[in-house]
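Trainee: Prediction below, plus the sequence it came from.
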Amino acid sequence: AQAEKAGYKHFMLKEIYEQPRAVADTISGNLPWFRGEMPIKGLGNFKPERIQIVACGTSYYAGLVGKFYFENFARIPTEVDYASEYRYRNPVVNENTLIIAITQSGETADTLAAMRLAKERKAKVLTVCNVIGSSATRESDAVLYTYAGPEISVASTKAFTTQLTVLYLLSIHFAVRKNLISNPDIYLEKISEIPSLMEQFLEEEKKKQEVKNLADRFHKVSNALYLGRHVNYPIALEGALKLKEISYIHAEGYPAGEMKHGPIALIDENMPVVTIATKGRVYEKILSNLAEVKSRKGITITVTNESCKEVIENSDFSIIVPETDEFLSPLINVIPLQLLAYYIADFLGYDVDQPRNLAKSVTVE
Ligand code: G6P
């Protein structure tokens, strides 16, 4: 097993470092349909009136980011459901609905059940999956693959960023087919920069170990709050989930703007607050949320860009990530949060790749 880890201490760390390659492969693997000249195999000329995304766990958070993509670029109303909830809410779904099931393994029981219900109600089902020939791929009308390669660590990392990659490409594809975008190559160029930006951050971290040092300092905390807005709100949720899953520290992810309706009551000098505060339309808003945390003496840890001086000044600790297009920033911003959870769990001496009570794929409902 040591050989399979390619010199990394755990599969999770190896898989975090594989992300530049995984995203690059996912872009090239999906290029044949991306420009929208031809329909996706299995979809024909189907034009979805609505999209419903069903998924579980980390894949669900990818879906939450996907909603921003489908609505902003393709102007298709999009709902995102936990697969385990979808079935029981008697969803409004018909032959004009596209169901997108997002599943790394393709074997998650709740996701399969949600797909089956939607199929019964005549929806088209497209699966975004990492495992060729899995149950989900066999049961759907269309399949788009992520090219993450086998993900061994129970906590998902490279599957997530490759799912975001597919969802982004798919939203641009639909936008082209609806004549909302005429030059998809502009978007392709933007996402094609992501692997090297990821690489840049990961190589810097190897040298400077800033995230690792932060983990060393904070691994004994018992709570943490993660905040983000817009496309980085789901990234706050994912950062908190990663910490919970492998370090067993209680963490909550929240949309930063909702903080004053509850979680702000939790903030004191013992509460680390990890805020995603990179460049984008909500930058000024995040800045004021940060000030709210600071004035209650919370420990402010930010994921931000070098040019975000006000954020850096208002942070006790900043993790600097390369600047990129705001819609693609989740692919970069999630990496320090994955590493933070990883190093905290490792400092605590836990079995990072096999956390207690969790399974890589949950095949029971
Ligand atoms: C389990 C795994 C998670 C994963 C979730 C959904 O809970 O531990 O890492 O995100 O299942 O799995 P799927 O294979 O459907 O993406």
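Mentor: Happy to help now that I have it.
Trainee: The helix or strand containing Glu204 - contacts with which helices or strands?
Mentor: If you go by DSSP states H and E, Glu204 is part of helix 194-208. Contacts defined by 3 or more C-beta pairs under 8 Å, 6 or more residues apart in numbering; DSSP states H and E place helix 194-208 against helix 19-29, helix 210-218, helix 329-347. Where you see a C-beta, it was placed from the backbone N, CA and C, and this is true even at glycine.
Trainee: Kindly report the residues of the protein close to the ligand.
Mentor: Residues of the chain lying close to the ligand by C-beta under 6 Å from any ligand atom are 56-59, 103-105, 108, 111, 154-156, 358, 360-362.
Trainee: hmm, try it at 5 Å
Mentor: Selection of the chain residues close to the ligand by C-beta under 5 Å from any ligand atom yields Cys56, Gly57, Thr58, Ser59, Thr103, Gln104, Ser105, Thr108, Val154, Ser156, Ser361.
Trainee: Widest-spaced pair of these?
Mentor: Greatest spatial distance in those: Thr103 and Val154, 14.9 Å, computed using C-beta to C-beta.
Trainee: Who has more neighbours out of those two?
Mentor: Each of Thr103 and Val154 has its neighbours counted (other C-beta atoms under 10 Å); Thr103 has more, 31 against 18.
Trainee: wouldn't the more buried one be in contact with Ala55 here?
Mentor: Yes. Contact criterion C-beta atoms under 8 Å: Thr103 and Ala55 qualify, at 6.4 Å.
Trainee: give the contact list for Ser135.
Mentor: Counting by C-beta atoms under 8 Å, 6 or more residues apart in numbering, Ser135 touches Gly106, Glu107, Leu112.
Trainee: Same question for Gly133.
Mentor: By C-beta under 8 Å, 6+ apart, the contact set of Gly133 is empty.
Trainee: Ser274 should be in a strand, yeah?
Mentor: In this structure residue 274 is Val, not Ser. Yes. Val274 forms part of a strand when assessed by DSSP: H, G, I helix; E, B strand; the rest coil.
Trainee: Okay, and the beta partners of it?
Mentor: On the basis of DSSP bridges, Val274 is bridged to Tyr226, Ile301.
Trainee: Which of the residues of the chain next to the ligand fall within helices?
Mentor: Gly57, Thr58, Ser59 (DSSP state H).
Trainee: With pLDDT and neighbour count as new columns, can those be given to me in TSV?
Mentor: Listed next are these as TSV, based on pLDDT from 0 to 100; neighbours: other C-beta atoms under 10 Å:
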residue	pLDDT	neighbour count
Gly57	97	24
Thr58	98	23
Ser59	98	25
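Trainee: What sits closest to Glu199 if chain neighbours are left out?
Mentor: Pro20 (4.3 Å; C-beta to C-beta, 6 or more residues apart in numbering).
Trainee: What spatial separation is found between the one you found and the ligand?
Mentor: 21 Å (C-beta to the nearest ligand atom, to the nearest Å).
Trainee: Could you count how many residues lie near that residue?
Mentor: By other C-beta under 10 Å, neighbour count at Pro20 equals 21.
Trainee: shouldn't Ile40 be in contact with Leu144?
Mentor: Yes. Between Ile40 and Leu144 there is a contact at 7.2 Å, judged by C-beta under 8 Å.
Trainee: out of the two, which sits in the busier spot?
Mentor: Leu144 (25 against 21).
Trainee: No further queries at this time; thank you.
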